[in-house]
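# kindly generate the corresponding structure for this input.
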Amino acid sequence: MVVAAILHEISPESRITLIESDQRKSTFLRTVNRELGLNVFVKTSRIEDCPESNAQIVSARALAPLPKLLGYVAHHLNTTGTALLQKGQSWEKEVADAQTSWKFIYTAHKSVTDPSSVVLEIKDIEHV
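Numbers count the residues shown, from 1 in each chain. Down below sits the predicted model:
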């Protein structure tokens, strides 16, 4: 959340929404938001229950395997948007599995905290 808020400082016209299904975690995120004076909206809900958001950037961590995650991302991402998804050591298998039912362009950026993990930058997502 802090990284997103820093990006918001660079581009203040941006709107940042965090979706968290766990009430305790949502409360924590709201507290951090308030204490740091950030401009972030925290919604307590399951991602699949949220209406389409037409976001320019969607990010997720430890939410679902990539084939399922792309369904959530496609629902919330606008057509020119980018998904930034943190994935662990099985990321290559997840990409291969996802490519059986999704068409997309991706770039894998190596994690600076875990050499076996990546941040997937994904664009042009289409269900096939």
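# give me the number of residues near I105?
Neighbourhood size, I105 [other CB atoms under 10 Å]: 10. The way it works is simple: take the backbone N, C-alpha and C, and place the C-beta from them, glycine included.
# ditto for A83
24.
# which residue sits closest to it, ignoring its sequence neighbours?
I122 (4.2 Å; CB to CB, 6 or more residues apart in numbering).
# isn't the one you found right up against T82?
Yes: at 7.0 Å, I122 and T82 qualify as touching, with contact defined as CB atoms under 8 Å.
# who has more neighbours out of these two?
I122 (25 against 19).
# helix or strand: which one has the more buried one?
For I122, the host element (DSSP states H and E) is strand 118-127.
# mind listing what's buried in that strand?
For strand 118-127, a neighbour-count test (16 or more other CB atoms under 10 Å) marks V118, V119, L120, I122, I125 as buried.
# and for stretch 77-88?
For stretch 77-88, burial by neighbour count (16+ other CB under 10 Å) applies to L77, G81, T82, A83, L85, Q86, K87.
# which non-adjacent residue is nearest the first one?
Just to be clear, that refers to L77. Once flanking residues are discounted, L77 sits nearest to V58: 4.8 Å by CB to CB, 6+ apart.
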